[in-house]
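Asks: Predicted coordinates and the sequence they were generated for:
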Amino acid sequence: MLTEGSIVQKTLNALKTRLEQNDNVIDVQSEQGHVYKATCTFNHPASDEEINDFENKTGLILPPDYKAFLRITNGCRLFNDIEHGGEIELYSLEQILELNEHYDELDGCYDIAYIYQDNIVINSKLYSENQKNYLLWKDHTEQFTEAEPLQMNFELWLDRFVMSQGEKFWSWFIHTAENYYRLS
């Protein structure tokens, strides 16, 4: 039986193993058959003290699966194209504080990642109300009130994000056979 946070560990361990087996470079196939060489970098783990300090300072709740991520890596950069760089960053606790400096005004929401012009957001108010689907996404220029529910928690998002090799799978429903060629 899976426990909350165990998928994070399995997902990151498998990704790190793939990287180690390939001199820290993996081939990634993205949309429309584009293939590129990518690397990932992981920060040092956050300590329980750092996690507790963050929660005490901000009053924000970090869900257990997200804490499991922080205990493995306090932020990371995923699927960075070796030639062109990338725009996939899961923030460290320090970056979350910097980017969400007015956390007292955010009604429990805070950005945890930047993915090609999108932000991934934890709504700790939803989590505190025992709602398991607390993760949201929004354009980086939008307010938290405009964020859309992802209908999942952090570890399901992370697992699917790694499986989709860094693609914004949450926007795939927008593309249909009728509009794909106009929108691409």
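Replies: Ah, there it is. Numbers count the residues shown, from 1 in each chain.
Asks: for the top helix by length along the chain, which positions count as buried?
Replies: Ranked by residue count under DSSP state H, the longest helix found in the chain is helix 6-21. For helix 6-21, the neighbour count (16 or more other Cβ atoms under 10 Å) marks 7-9, 11-12, 15, 19 as buried. (C-beta placed from N, C-alpha, C; glycine too.)
Asks: Which helix or strand lies directly C-terminal to that helix?
Replies: strand 26-29 (DSSP states H and E).
Asks: who's in contact with stretch 36-48?
Replies: Residues from elsewhere that reach stretch 36-48 (Cβ atoms under 8 Å, 6 or more residues apart in numbering): 12, 15-16, 19, 24-28, 30, 70-84, 86, 92-93, 165-166.
Asks: Now restrict those to buried residues only.
Replies: Of these, these count as buried by 16+ other Cβ under 10 Å: 12, 15, 19, 26, 28, 70-81, 86, 92-93, 165-166.
Asks: So which of those residues sit within helices?
Replies: Using DSSP H, the members of those that fall in helices are 12, 15, 19, 70-72, 93.
Asks: Save the residues you listed as TSV, and put in distance to residue 123 and pLDDT too.
Replies: Listed next are those as TSV, based on distance: Cβ to Cβ, whole Å; pLDDT from 0 to 100:
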residue	distance to residue 123	pLDDT
12	23	97
15	26	97
19	31	96
70	17	98
71	21	98
72	22	97
93	18	97
